[in-house]
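Student: Here's my sequence, what's the structure:
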Amino acid sequence: MDQLEMLWEYQKEDIAVDKLKNDIKRSPTRQKLVKYREALLEQKETSEQITNEISAMTDRLDALSDAIKMIDEQAAALKNKADAENTVSEDVSRLISEAKRLQNNLSGYEQEAKHIRKDAADRDRMQRDIKVRFAKYKAEYEKLKSIYDVEFKESNEKLETLKNKAAEKAKGISPELMDKYRNIKLHSVPPLARLVGNQCGGCNMSLPSAVSRSIKAGQLIECETCGRLILPPLESSAL
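Tutor: Residues are numbered from 1 along each chain as shown. The predicted structure is shown next:
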């Protein structure tokens, strides 16, 4: 068997290896497993985001509490000052104006604190819901993973068998020809095609008669359209 025919036999096993690899990747169990894993990651990221938001709200509430306390102290000081016997009319007006400003600030801070507490409570509920969903997804993920582990082990054993067959078929093929095969495979799969009539069996493009004769004579000819290496038709091949 000549080098091209040996490469043709190798291609059969090589394509079988690729097909099984793709079948493993497209396994319905694996696809479901990936979705559950993505869902778990999404729930985890959302939970962390909510935790950070609650932490920021807590910090803001502490700051508001300090501000409200300070306003209360300032208001008490103003009241004491206003009650002083020696307070003149001008000072009273100023104190009243300052008291109104403090009251407005106090009202604004209290409203903000109220909204923050409500938002924090909403996020607490969201956090609890996330924990429930996370537990559900995790249970489904672990169940599927047990099934997939068995499935993957069986598929991987088949894959190793096919790889060994391909490796056996590759023995005796020149490194240069194998390199050409791999380079063509980067853009055309399968890399080899048979001559069918005067056409490339890979892309069905017609070839000049002179090119067809060269292919039948065993010359290395690549299709100008698809780039595949074209082998002689089976009836003309050296076996």
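Student: helix or strand right after the lengthiest helix in the chain?
Tutor: The single longest helix within the chain, with elements called by DSSP state H, is helix 89-170. For helix 89-170, the following helix or strand on the C-terminal side (DSSP states H and E) is helix 175-185.
Student: Show me what that next one is packed up against.
Tutor: Contacts defined by 3 or more CB pairs under 8 Å, 6 or more residues apart in numbering; DSSP states H and E place helix 175-185 against helix 3-25, strand 229-231. Every C-beta, even on glycine, is put in place using the N, C-alpha and C of the backbone.
Student: Could you export that helix as CSV, keeping only the C-alpha atoms?
Tutor: The C-alpha trace of helix 175-185 is given here as CSV (Å, rounded to 0.1, in the frame of the first residue of the first chain):
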residue,chain,number,x,y,z
PRO,A,175,6.4,13.0,8.6
GLU,A,176,6.2,15.4,5.7
LEU,A,177,3.0,13.8,4.4
MET,A,178,1.5,13.9,8.0
ASP,A,179,2.4,17.5,8.3
LYS,A,180,0.6,18.3,5.0
TYR,A,181,-2.4,16.4,6.2
ARG,A,182,-2.6,18.3,9.5
ASN,A,183,-2.1,21.7,7.7
ILE,A,184,-4.9,21.0,5.3
LYS,A,185,-7.1,19.8,8.1
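Student: how far out from the middle of the chain is that helix?
Tutor: Distance, stretch centre to chain centre, for helix 175-185: 32 Å (CA atoms, centre = their mean, to the nearest Å).
Student: now that helix against helix 3-25, angle please.
Tutor: 40 degrees (axes from the mean of the first three to the mean of the last three CA atoms, to 10 degrees).
Student: Tell me which residues are up against helix 175-185.
Tutor: Outside helix 175-185, the residues that touch it by CB atoms under 8 Å, 6 or more residues apart in numbering are 3-4, 7, 10-11, 170, 191-192, 220, 222, 227-229.
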